[in-house]
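In: Okay, predicted coordinates and the sequence, questions at the end:
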Amino acid sequence: MRIAIVGGVAGGASAAARARRLSEEAEIVMFERGPDPSFANCGLPYYVGGEIADRGKLLVAPKQMLIERHRLDVRTRQSVESIDRQHKRLTVKNLADGTTYEESYDKLILAPGASPLRPPISGIDLPGIYTLRDLRDADRLQEVVQGARRAVIVGAGFIGLEMAENLVRRGMETTVVELADQVLPPWDREMITPIATHLIEKGVRLVLSDSADDFAPILPTGLTVRLKSGDELDADFVVLSVGVRPENSLATAAGLEVGPRGGIRVNEHMQTSDPDIYAVGDAVETRDFVTGDPTRIPLAGPANRQGRIAADHIFGRPSRYRGTQGTAIVGVFDMVAAMTGLSEKALRRAGQAYEKIYLHPTQHAGYYPGAERMSLKLLFDPQDGRVLGAQAVGRAGVDKRIDVLAMAIQAGMTVFDLEEAELAYAPQFGAAKDPINMAGFIAAGVVRGDCAVVHAADLPDTIVAEPTLLDVRTAEEFACGHIPAAVNIPVDQLRGRLDELNRSKRIIAYCQVGQRGYLATRILTQAGFRAANLSGGYTTYCQNQVAQTESPPPGGSRKKAAVAGS
Ligand code: FAD
């Protein structure tokens, strides 16, 4: 069996190593266009920033190791130019000397990845505009940063924000421009505003709801980035991080099917429309784990798993790819944002019924030193309680909670299962009622009808219809800030002061994070009031207020939503 693999990094190298573990006899040839196979793309921003000082550490499995340990035929600086499916032959260009030659295959695995988008903006090809995909790009940026002072990053996705952190670390005055009205567009906006605030606190200038319209040179070096709003930003260099496009040209030229999102179409075994050709990683289109719809989510975990599955299937194992959940995490200076499954906006787009709850637990027991709050949002099916998605933003412990919820989604679990989850606990690690259990208790209470919730985003409408907004925090907390029109009866006094409340009106109770609001809602409900708890309390309310004030005007033209920082 002769297996040819196009692309030698995440998906390709995984497939090659797995194939060797399954067969000592197979001939495995891996073609990589660049000079390095199996390097750590995900570490590149931290290499530019100097956090990873040793370049060699980014070579996860150096070529020599792949040759010696896995007996792979690794051909770097060799680009596969075309596929002759009928004769099962590849045309390969040796980039070192420009010659071309042919190679045969029995099974072919395409793992060519995705290339950074370079939108057709005037001046896009000027010197000083960089993208970051491989080690050579990182080397170039390393050099450029020396002697530079000002950087503009276009795009506030993962790579854009990781670059912002690392350029600030290198002393750059850094501006991030983002077309959307929020950073990290896959997240829901009210969840991600603390990250935007944190970026600004760390000295990043953030320009939202605006985009680069034109690049013009500044002589002798540098660029002016003209924005759609008319503003201009001067920079010594620009980093473009506006997304990636699947490298599908080899596949389309060979007549392989491509899906509606531009990725190579594959089945659950990662086979393309030609059963002898597999495709994996950023170049493919798979199914969304929650909705079953076609999706394209370029992440390292899926690419690695898909590589294994393709190799398994070639050797007769029935491995199946279950779909991509979009479990993702990003560190932004001292904060962390993570998500899994569908966001609220994605659920809305998919037309899927959902309910949500917010909570703001600490990552470990509140009495133990170092307790820090995180914000957690759980999305679930309002009928059967199935977990559909989750997002968390904070510092310590965010990763652990999203990973647990990612497994819950994959196992098809419900909020009732989260109530029962038995998780590791000692005071410095978690809580006897872990945030996962708490999320389960709150959400299960909603599904069971024990405690109705109201959401901060719906509050203006709700207040008009139902004017009793009851703040159950202490008088001191109330005095430090409260929702307009709220009346204050601390929860500990509530039972004795029920006659102050109008029984004909529905009452929305709230506290700082939702817990005392829940207690108040239970007291009120059992006393015969119609009551609901404001999910996430005053904290979520404030996050929503920030998110709403950053909105572009309804129906109006886009304007700068937030400009701050250095
Ligand atoms: P790649 O790893 O991109 O490999 C494809 C390879 O194929 C390339 O090296 C290319 O040169 C080669 N190739 C293409 N065409 C040909 C051809 N015709 N002939 C020969 N060779 C060819 N994901 C995460 O989950 N977490 C992160 O923190 C994270 N951080 C990232 C940071 C950066 C800066 C970047 C760029 C990506 C990051 N990713 C992250 C995404 C992750 O790296 C990708 O999802 C993953 O590498 C995709 O694997 P792949 O095998 O499909 O493609």
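Out: Nice, I can see it.
In: going forward, measure contacts between C-alpha atoms and count neighbours the same way
Out: OK.
In: What parts of this protein come near the ligand?
Out: Contact residues (Cα under 6 Å from any ligand atom) of the chain with the ligand: 6-12, 31-34, 41-42, 44-45, 78-81, 111-114, 132-133, 159, 281-283, 298-301, 303.
In: Please convert the buried members of those residues into PyMOL selection syntax.
Out: Of these, the buried ones go into a single PyMOL selection, burial set by 16 or more other Cα atoms under 10 Å:
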select buried, resi 6+7+8+9+10+11+12+31+32+33+34+41+44+45+78+79+80+111+112+113+114+132+133+159+281+282+283+298+299+300+303
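In: what's near enough to touch G12?
Out: Under the criterion of Cα atoms under 8 Å, 6 or more residues apart in numbering, the neighbours of G12 are 5-6, 30, 109-112, 280, 307.
In: Give me the subset of the residues of the chain next to the ligand that lies in helices.
Out: Using DSSP state H to define helices, the subset of those located there is 10-12, 44-45, 159, 300-301, 303.
In: And the lowest mean pLDDT element among the helices and strands of this protein?
Out: Taking mean pLDDT, DSSP states H and E as the measure, the helix or strand of the chain with the lowest value is helix 459-465, at a mean of 71.
In: so I129 touches A235, yeah?
Out: No. Under the contact definition of Cα atoms under 8 Å, I129 does not touch A235, with a separation of 10.1 Å.
In: ok, those two, which is more surrounded?
Out: A235 (23 against 19; other Cα atoms under 10 Å).
In: quick one: contacts for the nearest residue to K377 once chain neighbours are set aside?
Out: The spatially closest residue to K377, leaving aside those adjacent along the chain, is Y358, at 4.6 Å (Cα to Cα, 6 or more residues apart in numbering). Each residue near Y358 by Cα under 8 Å, 6+ apart is listed here: 375-378, 439, 535-536, 540.
In: do that again at 7 Å, thanks
Out: 376-378, 535-536 (Cα atoms under 7 Å, 6 or more residues apart in numbering).
In: Any idea which residue is closest to the centre of this protein?
Out: A328 (4.2 Å; Cα atoms, centre = their mean).
In: how close does it get to D381?
Out: Separation of A328 from D381 (Cα to Cα, to the nearest Å): 21 Å.
In: got it, and D450?
Out: Counting by Cα to Cα, the gap from D450 to D381 is 16 Å.
In: neighbour-wise, which of these two wins?
Out: In this comparison of D450 against D381, neighbours counted by other Cα under 10 Å, the higher total goes to D381 at 19 against 16.
In: Phi and psi next, for the more buried one.
Out: phi -70, psi 130 (degrees, to the nearest 10).
In: How about it, nearest residue that isn't a chain neighbour?
Out: For D381, the nearest residue in space outside its immediate sequence neighbours is Y354; the separation is 4.8 Å by Cα to Cα, 6+ apart.
In: need the contact list for that neighbour.
Out: For Y354, the contacting residues are 379-382, taking Cα under 7 Å, 6+ apart as the criterion.
In: Ok, Q526 next?
Out: Listed by Cα under 7 Å, 6+ apart, Q526 has no contact partners.
In: just F429 next, same as before
Out: Neighbouring residues of F429 by Cα under 7 Å, 6+ apart: H364.
In: how close does it get to the ligand?
Out: With the distance defined as Cα to the nearest ligand atom, to the nearest Å, F429 ends up 24 Å from the ligand.
In: What is the burial count for P120?
Out: By the other Cα under 10 Å criterion, the neighbourhood of P120 contains 10 residues.
In: ah, wrong one, I meant Q545
Out: Under the criterion other Cα under 10 Å, the count of neighbours that Q545 has is 15.
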